[in-house]
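Enquirer: got a predicted structure plus its sequence, pasted below:
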Amino acid sequence: MPAPSSASPADGLRFAFGTLTVLPAGLTRWDRAAARVGMLCAPVVGLVVGVVAAGTGLVLLLLGAGPPLAAVASVAVPAALTRGLHLDGLADTADGLGSGKPAEDALRIMKQSDVGPFGVLTLVLVLLAQVAALAQAYGDSWARGALAAVVSAVAARLALTLAARPGVPPARPEGLGAAVAGVVPVRGAAVAVLLATGTLAGAGAALGAPDALRAGLAVLMAAGAAELLLRHCVRRFGGVTGDVFGGLAETAATTALVVMSLG
């Protein structure tokens, strides 16, 4: 029986949570209709992940921990909720890009189970940057730190929505990249950007106009940084893979956290 041509919001949410987190989602459909709605719902997944990350950091602050420890916990939560898949994708993408080899060889390197020197270096620097930026935000105020954790998680998943738009081909005929490549309409991607930016800027407004501006700018800068990496990966690999999606998410999250820590 052919797959239905449309998917409900519930189907999309199950797809999004089932593929982007370890949370029990009851994933029942793995087709492009469900993927379309699911990738549009990716920022909602980010919102849930971000709230859990922020809540964990705030609990530690309440118990007397300092900003650095709260920051480590807030960075660890998204990693745990994804089983480290985005970080693993970042490392594999770094190894593929750093190899300097043709696309076929680079993709083979990315599929290997070990992590090379480029991947290790990238992971260390990215995690250090995320913890340092969040510690700065928590040090400014608990509310700014919590907001930064939420903004980074939403921005990370928004990058996945944008990467699933038409014109971005899969690098392989199988895997997550092939399942979601090109499923998100351009108009839907644009609406997702506007909603995410407006919602997070509105949340920042509760802390004052500077934080509203900072949150909105963080989302846009994160999307821009992820777009630069996406274009580079498409040129080098011929398209996207699940690893590339992970690299895009971590790039966007890091960029958002850096922006949120400034000023």
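Expert: Cool, got the structure.

Enquirer: confidence score at the closest residue to residue 131 other than its chain neighbours?
Expert: With C-beta to C-beta, 6 or more residues apart in numbering as the criterion, residue 131 has its nearest non-adjacent residue at 4.8 Å, and that residue is residue 71. In this view, the C-beta of every residue, glycine as well, is placed from N, C-alpha and C. Reading off the confidence values, residue 71 has pLDDT 98.

Enquirer: what is the burial count for residue 71?
Expert: The number of residues packed near residue 71 is 28, by other C-beta atoms under 10 Å.

Enquirer: next: residue 205.
Expert: Residue 205: 15 neighbours (other C-beta under 10 Å).

Enquirer: tell me the pLDDT of it.
Expert: The per-residue pLDDT reported for residue 205 equals 96.

Enquirer: which ones are touching it?
Expert: 211-212 (C-beta atoms under 8 Å, 6 or more residues apart in numbering).

Enquirer: quick one: it from residue 198, how far?
Expert: According to C-beta to C-beta, to the nearest Å, residue 205 stands 10 Å off from residue 198.

Enquirer: re the thing from before, contacting residues for the residue nearest to residue 131?
Expert: 57, 130-135, 137-138, 145 are the contacts of residue 71 under C-beta under 8 Å, 6+ apart.

Enquirer: closest to residue 35 out of those?
Expert: Comparing the contacts of residue 71 against residue 35 with C-beta to C-beta picks out residue 130 as the nearest, at 28.0 Å.

Enquirer: so what's the closest one closest to, chain neighbours aside?
Expert: residue 75 is the one closest to residue 130 (C-beta to C-beta, 6+ apart), at 4.9 Å.

Enquirer: let's see the helix or strand encompassing the one you found as PDB, backbone CA atoms only.
Expert: Assigned by DSSP states H and E, residue 75 belongs to helix 67-81. Extracted in PDB, the C-alpha atoms of helix 67-81 (Å, rounded to 0.1, in the frame of the first residue of the first chain):
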ATOM      1  CA  PRO A  67      27.700  29.400  36.700                       C
ATOM      2  CA  PRO A  68      30.400  27.000  35.200                       C
ATOM      3  CA  LEU A  69      28.800  23.900  36.600                       C
ATOM      4  CA  ALA A  70      25.300  25.100  35.600                       C
ATOM      5  CA  ALA A  71      26.700  25.700  32.100                       C
ATOM      6  CA  VAL A  72      28.200  22.200  31.900                       C
ATOM      7  CA  ALA A  73      24.900  20.700  32.900                       C
ATOM      8  CA  SER A  74      23.000  22.700  30.300                       C
ATOM      9  CA  VAL A  75      25.300  21.600  27.600                       C
ATOM     10  CA  ALA A  76      25.200  18.000  28.700                       C
ATOM     11  CA  VAL A  77      21.400  17.800  28.600                       C
ATOM     12  CA  PRO A  78      21.000  18.200  24.800                       C
ATOM     13  CA  ALA A  79      23.900  15.800  24.200                       C
ATOM     14  CA  ALA A  80      22.100  13.200  26.400                       C
ATOM     15  CA  LEU A  81      18.700  13.700  24.800                       C
END
